[in-house]
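In: Task: produce atomic coordinates for the following.
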Amino acid sequence: MNSSLPEPLNAPVGAAASAPAGVHRLYRRLGRLGFRWLYVLDAVVVLASGAVVMTVRFGVDWPQPGESLLGLVAFMVLVQVVFYFGGLYERQSRLGNRQWFARVAGLTLVALGVSALVVLPTDRYAVPRWNLAAVGVLVALAATGNRVLSRRLRAGRFGPPRVLLVGETADTALAAEHLGETDRAAIVVGQAGPDEDVLAAADRTGATDVMLVSDPPLESVFPEPAATFETQGRGAYLRVTAATTLIGLRTVRVIGGMPYVALRATALRPSQVRLKRLTEWAVLIVAGPVLVAVTALVAVYVRVAAGPGVLYRQERTGRGGVPFTMAKFRTMSHDAEADSGPRLADAADQRVVRGCGWLRRTRLDELPQFWHVARGQMSLVGPRPERPEMTAVFEQTITGYGRRHEIAPGITGLAQTRAGYHTDAAYKLGHDLQYLMAWSPFLDIQILAATLVVMLRREP
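Out: Numbering: from 1, shown residues only. Below you'll find the predicted structure:
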């Protein structure tokens, strides 16, 4: 919840209302820094689960008690790291059923697998091998209970969800009737037609959550009001219809017996963005020596083939639409745009310097951009950065084009491995948005491998 939201007219007066103002300020400050009480609760349950299993098996006479305790602490840290990057500490929506156990159990299994991988080279177990299964089951059950408890405490602190229903009259009436099936405590505070100002209606009614129960056009949802709802801390949900299902939607939540998706202004959660950055640093560290050597060789070649001015610098659109100066090896003449001005490259572009075309086909002219990755201006994988002049045109003519700027642009991307070098921007956007919605470290690895294949094929 965002403190700027209107106070519900019938909000219950609970412990939160009588708490000292200093406690509220401290709580909000910790929340802005990313602190969650779930960190503490999960740490307790992991340590307690390990201690219970050890005591049941060995009694109070643990083998090597000091090392056993350190092992439990190490396992606790590992579990919380996996939970964090698995998104279990993100702020959750207030409406709808969430199948917590399956998700928590899956991530606990990942933590157990990582623990086993650590054992192979070291032969040292954070938790005794015969205790792993029992500890895993207890951790999964207790961590699931923590999330159920967290939801109930949040409801007690802030009161029941206050829901604004948006859509056609028949759809909003049906949604109001069904809402009690899964969220009996929710209060319907208002209904708005599809043509009304949703943001104004939410402010007027003091709604904490907005349900779009009809099937609005994409441009009426993104980037607004989705971005404002996320900034305010209001939950926003879009009902899943046949159209959204047929385009490949996979993850839904149930509200009032009906399928919905939670609207997000950004596709990747903060924990996913940090995991992506961590993965990129690991790749840079491992591949760094080879990248430096190849970059030096290509720089020498460009100097010989194209003359002075090895690097070409150009303004490109970065994350959040903020421009930055991107470098690449120069493969065109110095006055390539003197007559034509900014324009996209052609399949057989006459501006390319003789002997440098293969650098463009193999993407080796992009090697200097690894420096931008190290600085955080670019990613290894992501939508390719476009020139601001072109970006302005595409955002006016292609619906949803601005969403590709949610993450740092990439040296390579899904569009670069599946589409041609000169494929139309509207078609490439489909690949870019698919990448955003389906991102995982494994997808990045697949795209990097596919990029190597593209480079070896030397296709334009």
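
In: The host helix or strand of residue 299 packs against which elements?
Out: Element membership for residue 299, per DSSP states H and E: helix 270-306. In this structure, helix 270-306 packs against helix 65-85, strand 323-329, helix 357-361, helix 369-375, strand 379-381, helix 441-457, with contacts taken as 3 or more CB pairs under 8 Å, 6 or more residues apart in numbering; DSSP states H and E. (Each C-beta comes from the backbone N, C-alpha and C, glycine too.)

In: Which of these sits closest to residue 198?
Out: Nearest of the helices and strands packed on helix 270-306 to residue 198, taken as CB to CB: strand 323-329 at 31.5 Å.

In: on that earlier part again, turn the helices and strands packed on helix 270-306 into JSON lines, columns for mean neighbour count.
Out: JSON lines is the format used below for these (neighbours: other CB atoms under 10 Å):
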{"stretch": "helix 65-85", "mean neighbour count": "18"}
{"stretch": "strand 323-329", "mean neighbour count": "17"}
{"stretch": "helix 357-361", "mean neighbour count": "17"}
{"stretch": "helix 369-375", "mean neighbour count": "18"}
{"stretch": "strand 379-381", "mean neighbour count": "26"}
{"stretch": "helix 441-457", "mean neighbour count": "14"}
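
In: Could you pull up the mean pLDDT of the helix holding residue 299?
Out: The average of the pLDDT scores along helix 270-306 is 92.

In: Name the residues of that helix that are buried.
Out: 271-273, 275-276, 279-280, 283, 295, 298, 301-302, 306 (16 or more other CB atoms under 10 Å).

In: CSV for these, including distance to residue 116?
Out: Formatted as CSV, these follow (distance: CB to CB, whole Å):
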residue, distance to residue 116
271, 23
272, 25
273, 28
275, 21
276, 25
279, 21
280, 26
283, 24
295, 38
298, 42
301, 47
302, 48
306, 53
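
In: For residue 50, state which of those residues is nearest.
Out: Scanning the buried residues of helix 270-306 for proximity to residue 50, where the rule is CB to CB, the winner is residue 271, at 24.5 Å.

In: Which residues are in contact with the closest one?
Out: By CB atoms under 8 Å, 6 or more residues apart in numbering, the contact set of residue 271 is 84, 85, 86, 87, 89, 90.

In: residue ranges with poor pLDDT in the stretch 351-460 of the chain?
Out: Residues of the stretch 351-460 of the chain meeting the criterion pLDDT under 70: 420-422, 457-460.

In: if you set the cut-off to 80 instead, what comes out?
Out: Flagging of the stretch 351-460 of the chain using pLDDT under 80 yields the residue ranges 351-352, 399-400, 419-424, 427, 453-460.

In: how about residue 404, secondary structure?
Out: Here residue 404 is helix, with the state taken from DSSP: H, G, I helix; E, B strand; the rest coil.

In: any chance of the helices and strands packed on helix 270-306 in TSV, plus distance to residue 146?
Out: Below are those laid out as TSV (distance: least, CB to CB, whole Å):
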stretch	distance to residue 146
helix 65-85	10
strand 323-329	41
helix 357-361	53
helix 369-375	37
strand 379-381	33
helix 441-457	26
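
In: mind checking pLDDT for the nearest residue to residue 314 once chain neighbours are set aside?
Out: Leaving aside its sequence neighbours, residue 314 sits nearest to residue 326 (CB to CB, 6 or more residues apart in numbering; 5.9 Å). Turning to residue 326, the model gives it a pLDDT of 95.

In: circling back to that earlier point, need the worst-confidence member of the contacts of residue 271.
Out: Confidence-wise, residue 90 trails the rest of the contacts of residue 271, at 83.

In: show me the contacts for the residue nearest in space to the middle of the chain.
Out: The chain has residue 268 as the residue nearest its centroid, 1.5 Å off, counting by CA atoms, centre = their mean. Going by CB under 8 Å, 6+ apart, residue 268 touches 276, 406, 407, 436, 439.

In: Nearest to residue 290 among the residues you listed?
Out: For the contacts of residue 268, the nearest to residue 290 is residue 276 (21.7 Å; CB to CB).

In: Quick check: the closest one touching residue 440?
Out: No. In this structure residue 276 lies outside contact range of residue 440 using CB atoms under 8 Å: 9.3 Å.

In: residue contacts, residue 116?
Out: Taking CB under 8 Å, 6+ apart as the test, what residue 116 contacts is residue 132.

In: Can you mark which positions in the host helix or strand of it are buried?
Out: In the assignment (DSSP H and E), residue 116 maps to helix 100-122. Neighbour-count burial for helix 100-122, counted by 16+ other CB under 10 Å, picks out 100, 103, 104, 105, 107, 108, 110, 111, 112, 114, 115.

In: Next, the angle helix 65-85 makes with that helix.
Out: 130 degrees (axes from the mean of the first three to the mean of the last three CA atoms, to 10 degrees).

In: Residue ranges in the stretch 101-250 of the chain under the pLDDT threshold?
Out: Scanning the stretch 101-250 of the chain for pLDDT under 80 picks out 116-132, 154-158, 180-184, 215-220, 222-223, 240-250.

In: what about the helices in it?
Out: Taking DSSP state H, counting those that start in this stretch to define them, one finds helices in the stretch 101-250 of the chain at 132-158, 169-178, 198-205, 226-232, 242-246.

In: who wins for proximity to residue 217 among those helices?
Out: Using CB to CB, the nearest of those to residue 217 is helix 242-246, at 11.0 Å.

In: quick check, nearest of the buried residues of helix 100-122 to residue 156?
Out: The nearest one, if we look at those relative to residue 156 and count by CB to CB, is residue 100, at 18.6 Å.

In: doesn't residue 147 make contact with that closest one?
Out: Yes. Using CB under 8 Å, residue 100 makes contact with residue 147 at a distance of 4.9 Å.

In: thinking again about what came up before, distance of the residue nearest to the centre of the chain from residue 363?
Out: Separation of residue 268 from residue 363 (CB to CB, to the nearest Å): 25 Å.

In: again, but for residue 318
Out: Counting by CB to CB, the gap from residue 318 to residue 363 is 19 Å.

In: now swap in residue 165 and tell me
Out: 50 Å.

In: between the two, which one's more packed in?
Out: Legend: neighbour count by other CB atoms under 10 Å for residue 165 and residue 363, higher for residue 165 (25 against 19).

In: Determine the number of other residues adjacent to the residue lying closest to the more buried one once chain neighbours are set aside.
Out: Distances taken as CB to CB, 6+ apart put residue 172 closest to residue 165, at 4.1 Å, once the chain neighbours are dropped. Number of residues near residue 172 (other CB under 10 Å) recorded here: 22.

In: Please apply the same query to residue 146.
Out: With other CB under 10 Å as criterion, residue 146 counts 20.
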